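# structural data only, the sequence is not supplied:
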Ligand SMILES: Nc1ncnc2c1ncn2[C@@H]1O[C@H](COP(=O)(O)OP(=O)(O)OP(=O)(O)O)[C@@H](O)[C@H]1O
């Protein structure tokens, strides 16, 4: 499938212009990481794609259907094709792993089945399969409030995958996780993309994780795409542009790199070795294949 976003705009009622005309296409079995400083508009973008937040302009097409033009019923149907994985997992704490995963099928069962949480056997079989894929087999009867952060995120991934979506949208999947678990979760997402031929779009703070795992990187700054390319093309100049704003490197004055082009953005962030993490955590840029 293909997601084509054209000239996407969002101005919140407060007047905050979060997206200023974003164009982006994702498709195939590609993993795309969206990076950018805090407030760049990454979460707004992902939420506008499935209209959890209503865009104020532009179009969001999935295989040619414009989601922004759909009524409530049409949108409900279209959302079955969009798997969403959240930063805070959004799980039901008192329910088991299996019950949480099966909520991914709610859009497919009748209202009375949904009410009784009664799912057809093929859904349950699929849920077991996916729990194995994410490494949570034998944990189906555990309550999710007994799980670690990494295990919870894997439940969130399983819930999105059991939905059999055509695209996965992932909002900051690693922000509450330690580095090793973050790597595991990112690897799992890229494997799911490749094996199930589902494009995955991930918002991520940590540049090094994006570089290591994503096929393509999109840099957002102040609601605009300022970089799009492979990890290899993401040099220090480009990272400056994404995290500090300012002109593209080729049009800069020779001494322009000495100071931040955007004081507000620079104040928010810690800069070390040209790499800034949006939440103020500096990170070393990995060397080839580094972790
Ligand atoms: N509900 C809201 N009401 C008003 N303004 C908002 C709302 N949500 C976000 N914004 C503003 O929109 C801009 C983009 O925010 P958004 O959360 O999309 O950025 P982000 O790149 O995801 O940031 P972070 O990495 O910190 O999550 C910011 O200026 C923010 O203050």
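Thanks, I have the structure now. If you're wondering where the values come from, they're calculated on a predicted model, not measured in any experiment. Numbers count the residues shown, from 1 in each chain.

# select the longest helix from the chain.
Using DSSP state H, we find that the single longest helix of the chain is helix 179-196.

# what's that one in contact with?
Helix 179-196 has contacts (C-beta atoms under 8 Å, 6 or more residues apart in numbering) with 29-31, 85, 133-135, 148-150, 153-154, 157, 161, 168, 170, 173-174, 177, 198-200, 202, 206, 209, 212-215, 291. Where C-beta positions appear, they are placed from N, C-alpha and C, glycine not excepted.

# how about the residues of this protein by the ligand?
Within the chain, the residues that sit near the ligand (C-beta under 6 Å from any ligand atom) are 12, 14, 16, 18, 36, 38-44, 278.

# and which of those residues is nearest to residue 233?
Nearest to residue 233 among these is residue 36, at 16.1 Å by C-beta to C-beta.

# the closest one and residue 134, how far apart?
Distance, residue 36 to residue 134, using C-beta to C-beta, to the nearest Å: 28 Å.

# quick one: the helices in the stretch 101-250 of the chain?
With DSSP state H, counting those that start in this stretch as the criterion, the stretch 101-250 of the chain has helices at 111-116, 121-133, 149-162, 179-196, 207-213, 236-244.

# how about the second one: buried residues?
When you say that, I think you mean helix 121-133. In terms of neighbour count (16 or more other C-beta atoms under 10 Å), helix 121-133 has its buried residues at 123-124, 126-127, 130-131, 133.

# got the angle between it and helix 149-162?
140 degrees (axes from the mean of the first three to the mean of the last three C-alpha atoms, to 10 degrees).

# burial check on residue 54, number of neighbours?
A total of 9 residues lie near residue 54 under the criterion other C-beta atoms under 10 Å.

# same check, this time on residue 160
Neighbours of residue 160 under the rule other C-beta under 10 Å: 25.

# again with the one 3 residues further on
Neighbourhood size, residue 163 [other C-beta under 10 Å]: 24.
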